[in-house]
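1. Only the shape, not the letters, is given here:
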């Protein structure tokens, strides 16, 4: 599996960049799990190109014309939790993480938290 921590493209509105990103044969044969980055968020394209199971409508949400939403999935005994760090609501992210771990944590041996590295946890930024 390819686990990407964001910025699948440089410009969220450029469909050609999504086509290039998804063109290699490996993208059709190897499962991908992607986390939304700051270059992915400015349109609905990210959400249209990548499957995100169990997307929260209450945590890390996007907007009317943007992609977003925290999400989770379990694969091979691993609970993956992905947060949309473009949303700076750290309390909502923490609530989402706590809810998912409480509800699904016993189903997985390992827990992995994925987010795009921004200044999310730097409260002075």
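-> Received, thanks. The shown structure was predicted, so the numbers you read here are calculated from the model rather than taken from an experiment.

2. So the closest residue to residue 97 other than its chain neighbours, which state does it fall into?
-> Using CB to CB, 6 or more residues apart in numbering and skipping the chain neighbours, the partner closest in space to residue 97 is residue 81 (5.7 Å). To be clear about C-beta, it is placed using only N, CA and C from the backbone, and glycine gets the same treatment. Under DSSP: H, G, I helix; E, B strand; the rest coil, the three-state class of residue 81 is strand.

3. How about residue 46?
-> helix.

4. all numbers from here: first residue = 297
-> Right, with 297 as the first residue, what we last looked at is residue 342.

5. Quick check: it touching residue 310?
-> No: counting by CB atoms under 8 Å, residue 342 sits too far from residue 310 to count as a contact (11.8 Å).

6. Looking at those two, which is more packed in?
-> Just comparing residue 342 and residue 310: by other CB atoms under 10 Å the higher neighbour count belongs to residue 342, 25 against 14.

7. contacting residues around the helix or strand hosting residue 408?
-> Secondary structure assigned from DSSP states H and E places residue 408 in strand 406-410. Outside strand 406-410, the residues within contact range by CB atoms under 8 Å, 6 or more residues apart in numbering are 299, 301, 329, 331, 373-379, 393, 397, 401.

8. Just give me the residue right at the centre of the chain.
-> In the chain, the centroid-proximal residue (CA atoms, centre = their mean) is residue 331; its distance is 2.8 Å.

9. List the contacts of that residue.
-> Counting by CB under 8 Å, 6+ apart, residue 331 makes contact with 300, 301, 302, 378, 379, 410, 411, 412.

10. quick one: contacts for residue 387?
-> Residue 387 makes no contacts at all, as judged by CB under 8 Å, 6+ apart.

11. Going along the chain, name the strands of this structure.
-> All strands of the chain, identified by DSSP state E, fall at 298-300, 328-330, 367-371, 374-378, 406-410.

12. Output the ones you listed as CSV; include the columns mean pLDDT, mean neighbour count and distance to residue 318.
-> Converted to CSV, the strands of the chain look like this (pLDDT from 0 to 100; neighbours: other CB atoms under 10 Å; distance: least, CB to CB, whole Å):
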stretch, mean pLDDT, mean neighbour count, distance to residue 318
strand 298-300, 92, 14, 12
strand 328-330, 92, 19, 9
strand 367-371, 97, 19, 19
strand 374-378, 97, 21, 19
strand 406-410, 97, 15, 19
